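In: What follows is a predicted protein model with its sequence.
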Amino acid sequence: VDDCGDGSDETTCTNHFRCDSFGRLIPKTRKCDGRYDCTDMSDECNEECSREILEGSSLKAVSLVIGSLAAVANLIIMTKNVKTLKRCTTSVALVNKSLIILISLGDFMVGCYLLIIAIYDTAVFKKSYCQKQITWLTSTECSTIGVLSTIGSQVSL
């Protein structure tokens with residue numbers, strides 16, 4: 001409770017978090033709650049809250065590996081099947097090859113999505129994702145990657 005009216009009696013309290021800029025105090029329960037209470041975002045963008053697209057280095061590594069393998073393997077499968085498509089003599093064989101190509105295309109797109117997200121998180125944002133989160137989520141790049149993922153997952157069914 002601010003008994004002094006100027007916040008001076010609140011500075012030593014342990015149940016408050018002090019924003020980096022302007023020294024504003026907020027209840028500790030509002031730190032890392034997903035809502036920005038400090039104008040400098042220091043209540044959400046700090047080491048304790050750890051805001052990243054992919055949390056943890058193991059998830060980033062797995063996304064890079066799986067994304068790379070999916071993109072390369074499905075590109076090979078698509079190329080191989082497109083080359084042999086003309087040799088199909090029956091409509092059943094042609095449909096089967098076409099479906100394999102379509103499924104490979106969907107899996108390729110999902111692999112590219114994983115790879116792109118891992119690269120953005122690891123190389124582009126590094127530790128600054130939290131400060132750039134709103135800009136990123138409303139960007140054309142993020143929307144395009146989301147469309148890629150959505151189309152890829154629907155085609156892959």
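Out: Received, thanks.

In: And the average pLDDT for stretch 123-135 is what?
Out: Averaged across stretch 123-135, the pLDDT comes to 84.

In: Stretch 22-30 now?
Out: 83.

In: Now do it: distance from first to last residue.
Out: Distance between the boundary residues of stretch 22-30 (C-alpha to C-alpha, to the nearest Å) amounts to 17 Å.

In: from the chain's centre, how far out does it sit?
Out: Counting by C-alpha atoms, centre = their mean, to the nearest Å, stretch 22-30 is centred 28 Å from the centre of its parent chain.

In: Tell me the buried residues in it?
Out: By neighbour count on 16 or more other C-beta atoms under 10 Å, the buried set for stretch 22-30 is 24-26, 30. C-beta: built from backbone N, CA, C; applies to glycine.

In: what about the residue most central in space within the chain, distance to residue 17?
Out: Central residue check for the chain by C-alpha atoms, centre = their mean: the C-alpha nearest the mean position is that of residue 53, 3.9 Å away. Per C-beta to C-beta, to the nearest Å, residue 53 is found 25 Å from residue 17.

In: what's the most distant pair in the buried residues of stretch 22-30?
Out: The distance between the two most remote of the buried residues of stretch 22-30 (C-beta to C-beta) is 11.2 Å, for 24 and 30.

In: Can you show me the strands along the chain?
Out: Using DSSP state E, the strands of the chain run over 16-18, 25-27.

In: State the distance from the closest residue to residue 117 other than its chain neighbours to residue 112.
Out: Nearest non-adjacent residue to residue 117, counting by C-beta to C-beta, 6 or more residues apart in numbering: residue 53, 6.0 Å away. Distance from residue 53 to residue 112, counting by C-beta to C-beta: 16 Å.

In: Repeat that for residue 26.
Out: From residue 26 over to residue 112 (counting by C-beta to C-beta), the distance is 41 Å.

In: Also residue 45?
Out: Residue 45 sits at a distance of 29 Å from residue 112 (criterion: C-beta to C-beta).

In: buried stuff in stretch 34-45?
Out: Residues of stretch 34-45 classed as buried: 36-38, 41-45 (neighbour count, 16+ other C-beta under 10 Å).

In: next one: that stretch to chain centre, how far?
Out: Distance of stretch 34-45 from the chain centroid (C-alpha atoms, centre = their mean) equals 20 Å.
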